[in-house]
Every structure is written in structure tokens, then in C-alpha cells.
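In: Any chance you could fold what I've pasted below:
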Amino acid sequence: MRRTYLGEFEELVLLIISILGREAYGVTVSREIEQQTGRVVAFGSVHNTLIRLEEKGFVKSELGGATTERGGRRKRLFQVTALGKTALADIQQLRSRLWKLMPDDTLKLSDI
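Out: Residues are numbered from 1 along each chain as shown. Predicted coordinates:
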């Protein structure tokens, strides 16, 4: 099976969707990224990434119920698919393997 490349921001969004579970939609994903990383992200960036992840098969979405706080609009809720879980496991294994190959003296704070 051909693997689809998972970019750094895609990985971050996919992880956040996994953390949020059934509450994962554009706004909550954006907020959680900011809360967990201190990184301010544009909603448009998150929205485009969610669409791209769905096109790649890493997430699936469905419309939730309409709410009065959203003026009767429905939320598009996202969930990680089996392929998405596999992609996250693969990238975690790759990163772990690479960190183990790093020489011990590479990350000395005294050198910075």
C-alpha cells in the first residue's frame, strides 16, 4: 500500500483531532493547537488542513446538529480513520528511530 506523506502541521492537526475525540471541529482544533503549543494559527490554515487530511483518507467528517449559538449552522465534526491512526503510528516510529540515532552531544544547551 502506498503511503501518503504527512506534513508537520498535518501531523499536529491529526494528533489534536485524536485528543479532542468527538469534539473535534475547526474551531476546537485551532484552540487546542494554540493551547498545547502556544502557536497561534489561522483558522483558514486549520480548515484547509482538515480538508486535505480528509482527501488523503486520514480523517472522516460528518455534520453535527445545528446549534443556536452558531445561528442554526451545523458543525463539521472530524474523526481519525484507521489509515490516519496508522500514519500517526508510522511517523511516531520514524521520529523515535531518528532520535535514537542522534549523537548524545548534539543537543547540548551549553553550545547554544
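In: in which helix or strand would I find the residue positioned nearest the centre of the chain?
Out: Closest residue to the average C-alpha location of the chain: Val13 at 1.6 Å, with CA atoms, centre = their mean. Following DSSP states H and E, one finds Val13 within helix 8-20.
In: what residues does that helix touch?
Out: 6, 24, 28-29, 32-33, 36-37, 45-46, 49-50, 52-53, 58-59, 78-80, 84-85, 87-88, 91 (CB atoms under 8 Å, 6 or more residues apart in numbering). The way it works is simple: take the backbone N, C-alpha and C, and place the C-beta from them, glycine included.
In: So for that helix, mean pLDDT?
Out: Averaging pLDDT along helix 8-20 gives 96.
In: picking up where we left off before, just the buried residues of the contacts of helix 8-20.
Out: Neighbour counting over those (16 or more other CB atoms under 10 Å) leaves 6, 24, 28-29, 32-33, 46, 49-50, 52-53, 58-59, 78, 80, 84, 87-88, 91 as the buried ones.
In: measure Arg74 to Ala42 for me?
Out: Going from Arg74 to Ala42 by CB to CB, to the nearest Å gives 22 Å.
In: What of Glu55?
Out: Using CB to CB, Glu55 is found at 20 Å from Ala42.
In: ok, back up a step: distance check, the residue nearest to the centre of the chain against Gln93.
Out: Counting by CB to CB, the gap from Val13 to Gln93 is 19 Å.
In: Check the protein for its longest helix and report it.
Out: helix 82-101 (DSSP state H).
In: looking at this protein, which helix or strand is least sure?
Out: For the chain, the helix or strand with the lowest mean confidence is strand 59-66, at a mean of 86 (criterion: mean pLDDT, DSSP states H and E).
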